[in-house]
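Visitor: Below are the sequence and a predicted model; questions follow.
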Amino acid sequence: MPITKQAATKKDPKLANAWKTKSVEDLTDADVLAMSDGDYMNDVQLAFFRRKLVALKNDMHVNAGETAENLREDTVVVPDPADRATIEEEHALELRTRDRERKLLKKIEQSIARIDAGDYGYCDETGEPIGVGRLLARPTATLSLEAQQRRELKQKMYGD
């Protein structure tokens, strides 16, 4: 899926220093977005993104458990071929979704490791900040928007 230019996100001046009085658990996306550029990837932001990534990881584990339960429940033999085909298609769709989540889970774990290593929030190719807005939209991002666009352009021109 190609990355498009994101709408310019405006920082709310009322929230600029609000994060200093809140615990990490109480921070919102708007609070983190309102932080100054000088606060980029400070301890508070890193803790915020770690919390966000761990929550995503936990949600995926819950979804995987629900999928396993659903597949066990739906193993009843259905005599009607149309109904059976519908059930099998639903299973296939759910398994494809879980496979995508499995791949995302690997990226989440890599992002948590990047936080631990102190590399989180910086582009793999250029070393420049990825940006809080992009990380809020895609916490597993490893490339800045410009680097991602260059990569997608190369893939479009030369193929995979």
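Guide: Right, received. Where do you want to start? Numbers count the residues shown, from 1 in each chain.
Visitor: Show me which parts of the longest helix along the chain are buried, residue by residue.
Guide: Criterion DSSP state H: the longest helix present in the chain is helix 81-117. The neighbour-count check on helix 81-117 (16 or more other C-beta atoms under 10 Å) flags 94, 98, 101, 105, 107-108, 111-112, 114-115 as buried. C-beta: built from backbone N, CA, C; applies to glycine.
Visitor: these two touch, right, A147 and Y122?
Guide: No: counting by C-beta atoms under 8 Å, Y122 is not a contact partner of A147; they are 10.9 Å apart.
Visitor: any idea how far R151 is from the nearest residue to S144 once chain neighbours are set aside?
Guide: Distances taken as C-beta to C-beta, 6 or more residues apart in numbering place C123 nearest to S144, at 4.2 Å, with adjacent residues excluded. From C123 over to R151 the distance is 11 Å, taken as C-beta to C-beta, to the nearest Å.
Visitor: So for the two, which residue has more residues nearby?
Guide: Set side by side, C123 and R151 show more neighbours around C123, with 19 against 13, by other C-beta atoms under 10 Å.
Visitor: quick one, phi/psi of the residue in the chain sticking out farthest from the centre?
Guide: In the chain, the greatest distance from the average C-alpha position (C-alpha atoms, centre = their mean) is reached by P79, at 41.3 Å. Per-residue torsions, P79: phi -70, psi -30 (degrees, to the nearest 10).
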